[in-house]
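Asker: Got a sequence here, can you build the structure:
(one chain, ligands or ions: 1)
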Amino acid sequence: MEELHPTQTIDERAPAIQVRDLHKSFGDNEVLTGIDFSVDHGQVVCVVGPSGSGKSTLLRCVNRLEEPTSGQIFVEGIDITDPDTELDKVRSRIGMVFQQFNLFPHMTVLRNLTIAQQRAKKRGKAEAETIARENLDKVGLADKIHAFPAHLSGGQQQRVAIARALSMNPDMMLFDEPTSALDPELVGDVLDVMRALAHDGMTMMVVTHEMGFAREVGDKLVFMDGGVIVEEGDPVQVLNDPQHRRTQSFLSKVL
Ligand SMILES: Nc1ncnc2c1ncn2[C@@H]1O[C@H](COP(=O)(O)OP(=O)(O)OP(=O)(O)O)[C@@H](O)[C@H]1O
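Answerer: Next comes the predicted model:
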């Protein structure tokens, strides 16, 4: 039997995500300047910080949409910065939801959910459609299966994007400002879906300024500024305890 390289083996006891001394530069602009943190299985970690502080870059490094300049990132014990790691296998364990939904506009909702399953997971059409229907039901959009994205509200499109990510059976989900592009009245439905996922035990890393969500389901609140984590802790404590005044001062300006 082929021997596995140690860093290629999933370690169930390891944190879901562990980041060590992560640096990322674009040219001579160092955007992440030494990030250390971890996310345990089933935890919900919310990330806040000013525009340009590196929040999206951090998420994008975790699923290797960006290549770190230095440092290490372990996903379930696998070092994804190791050149020997098969990135596609690790990426398939991580679902990502973007601010702008990123649905294919020329495809129906159903096709948006089946295409990656068929291509990346090699599922047959019938199986992919069954899984798609289950996940659309979960986000309350079973009746929109044949609609095109342009005929849905922003909130509905984002719920389709969440259902699409779930259809790949991820172990964890990364959300990059999932409600920032939505009209205020549509935010609640998306947050309800995310709350339900959190209650089901999904491991989640969420860039968001929705502090009601962080308080209610977040296990950790991380404040980034200038490419580093400035403060972190239990959301209720970070939001109330004077010790975390830098996070509070930032939030008081943006909320
Ligand atoms: N592909 C890229 N090429 C060059 N610079 C980039 C790239 N991506 C991000 N940056 C720069 O990195 C810095 C951090 O960007 P990032 O998007 O991670 O911040 P952010 O905290 O998520 O901001 P926002 O809240 O506005 O989305 C910014 O100065 C940005 O211009």
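Asker: which element is the nearest residue to Val254 once chain neighbours are set aside on?
Answerer: Among residues not flanking Val254 along the chain, His209 sits closest, at 6.0 Å (C-beta to C-beta, 6 or more residues apart in numbering). C-beta: built from backbone N, CA, C; applies to glycine. For His209, there is no host helix or strand (DSSP states H and E).
Asker: lowest confidence element among the helices and strands of the protein?
Answerer: One helix or strand of the chain scores below all others by mean pLDDT, DSSP states H and E: helix 87-91, with a mean of 85.
Asker: contacts for that one?
Answerer: Asn63, Arg64, Val75, Ile78, Ile80, Ala120 (C-beta atoms under 8 Å, 6 or more residues apart in numbering).
Asker: quick one: which of those is most hemmed in?
Answerer: Ranked by neighbour count (other C-beta atoms under 10 Å), these have Val75 at the top, with 26 neighbours.
Asker: so that residue makes contact with Cys61?
Answerer: No: contact criterion C-beta atoms under 8 Å: Val75 and Cys61 do not qualify, at 11.1 Å.
Asker: about what we covered before: now the least confident helix or strand of the chain: buried residues?
Answerer: For helix 87-91, a neighbour-count test (16 or more other C-beta atoms under 10 Å) marks Val90, Arg91 as buried.
Asker: so after that helix, what's the next helix or strand?
Answerer: strand 94-97.
Asker: That next one packs against which elements?
Answerer: helix 154-166, strand 172-176 (3 or more C-beta pairs under 8 Å, 6 or more residues apart in numbering; DSSP states H and E).
Asker: quick one: the longest one to chain centroid distance?
Answerer: Relative to its parent chain, helix 154-166 has a centroid offset of 13 Å by C-alpha atoms, centre = their mean, to the nearest Å.
Asker: Equivalent analysis for the shortest one, please.
Answerer: Here strand 172-176 shows a centroid-to-chain-centroid distance of 1 Å under the convention C-alpha atoms, centre = their mean.
Asker: what does stretch 68-78 give?
Answerer: 16 Å.
Asker: buried residues in that stretch?
Answerer: Pro68, Gly71, Gln72, Ile73, Phe74, Val75, Glu76, Gly77, Ile78.
Asker: Quick one: check it for contact with the ligand.
Answerer: No: judged by C-beta under 6 Å from any ligand atom, stretch 68-78 stays clear of the ligand, getting no closer than 12.1 Å.
Asker: what about Ile131, helix or strand, and which?
Answerer: Per DSSP H and E: helix 125-138 holds Ile131.
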